[in-house]
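Chemist: Quick one: sequence plus predicted model below, questions after.
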Protein chains: 2
Amino acid sequence: MKIEDEIKQAAFRNDHQKAHVNLIFTANWLQQQQSGFFKQFGLTLPQFNILRILRGQHPKPATVNLLIERMLDKTSNASRIVDKLEAKELVTRCVCPSNRRAVDIRISDAGLELLVRLDAAMDDQRFGVQNLAPAEAAQLSSLLDKIRD
Amino acid sequence: MKIEDEIKQAAFRNDHQKAHVNLIFTANWLQQQQSGFFKQFGLTLPQFNILRILRGQHPKPATVNLLIERMLDKTSNASRIVDKLEAKELVTRCVCPSNRRAVDIRISDAGLELLVRLDAAMDDQRFGVQNLAPAEAAQLSSLLDKIRD
DNA sequence: TGCAAATATATGTACATACATTTAATATCC
DNA sequence: GGATATTAAATGTATGTACATATATTTGCA
């Protein structure tokens, strides 16, 4: 659906403003699609992102600092998200032996198993970007890169 | 900067996954740019969005329902955002005379004056979408519309 | 008329975000 | 070696988000 109809607003001032609003709106739409998906597995999107980073490190540990660096949203509070994952026993946390200020965080076996199930489910799930032809997807990435220049 | 470098991740599985991650990342980046901007004026982004809707209605009142319909993020809690705006005396709220279940919300003179200052400041501010040529901005909108089909 | 359903908003709870501050451990410099 | 600065993580507070529930008002129909 065109963005004008989607948000029931009169015309935009120009193509830039329209693209801007469309970008915020669409990313939000995508995030809602996904959070509904993750909820089936008892996870939130940030929790999933952290689990995925931990799998990338596995079997090496990650510190909170490393999580913050790698997270898509750099300003969020990794420490408290790890709290929730630890409560679900999807990760382990223990003081780093070589630097007792830092904390070694590792994905647990239960966490790895959960991600396996998620991978399978995600392959079945068709998120919106699948509506684009491969060339269109590449072009979208290129336009987005330009915005952040 | 290319998205691969931005999030320090190895190659993506395909153009679709890359576009997807890029979309979430970029919209987040934009929102952070903006929320820093609005903070100078003592507002958050959702508060600004609601003020803008109220200005669009002015001098007619809006109800909470109307705000929810018009807001970009439809699931957020308009009632409590109006609480904050009311505390700053940027809006007024009173029971609708013709339907005492509903509440008439209006932007105050102080709210209108704040938006005038914001408009001026936003014209000076160059958000990322300005990096795109007009045709590119139009194409971005068209790609985003396709994703939500 | 009176009672149930629908509507408009507000409130409660859990979680996430943004940002400042605190606590503890380590590094640095004199 | 000891005071000070730096670093890593956790915590506090205010705000926003998501979703369920509560409260009040109006509507509609038996």
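Modeler: Received, thanks.

Chemist: Give me the secondary structure label for A:Lys84.
Modeler: Following DSSP: H, G, I helix; E, B strand; the rest coil, A:Lys84 is assigned to helix.

Chemist: what's the neighbour count on it?
Modeler: A:Lys84 is flanked by 15 other residues according to other Cβ atoms under 10 Å in any protein chain shown. C-beta: built from backbone N, CA, C; applies to glycine.

Chemist: and what of A:Leu51?
Modeler: Neighbour count of A:Leu51, defined by other Cβ under 10 Å: 22.

Chemist: In which helix or strand does it reside?
Modeler: helix A:45-57 (DSSP states H and E).

Chemist: now A:Ile105
Modeler: Going by DSSP H and E, A:Ile105 is part of strand A:103-107.

Chemist: That strand vs DNA strand D: in contact?
Modeler: Yes. Between strand A:103-107 and DNA strand D, judged by Cβ under 7 Å from any atom of the strand, the touching residues are A:Val103.

Chemist: tell me the contacts of A:Thr44?
Modeler: Under the criterion of Cβ atoms under 8 Å, 6 or more residues apart in numbering or on different chains, the contact list for A:Thr44 reads A:35, A:38, A:84.

Chemist: DNA strand C: which of those residues is nearest?
Modeler: Using Cβ to the nearest atom of the strand, A:Lys84 is the member of the contacts of A:Thr44 that lies nearest DNA strand C, at 4.5 Å.

Chemist: sorry, back to before: the helix holding A:Leu51 to strand A:103-107, inter-axis angle?
Modeler: 90 degrees (axes from the mean of the first three to the mean of the last three Cα atoms, to 10 degrees).

Chemist: so, in contact with DNA strand D or not, helix A:45-57?
Modeler: No. Against DNA strand D, helix A:45-57 shows no contacts by Cβ under 7 Å from any atom of the strand, the least distance being 9.2 Å.

Chemist: hang on, the earlier thing: make TSV from the contacts of A:Thr44 and add pLDDT and distance to A:Val103 to it.
Modeler: Formatted as TSV, those follow (pLDDT from 0 to 100; distance: Cβ to Cβ, whole Å):
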residue	pLDDT	distance to A:Val103
A:Ser35	86	27
A:Phe38	90	25
A:Lys84	94	15
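
Chemist: Okay then, goodbye and thanks.
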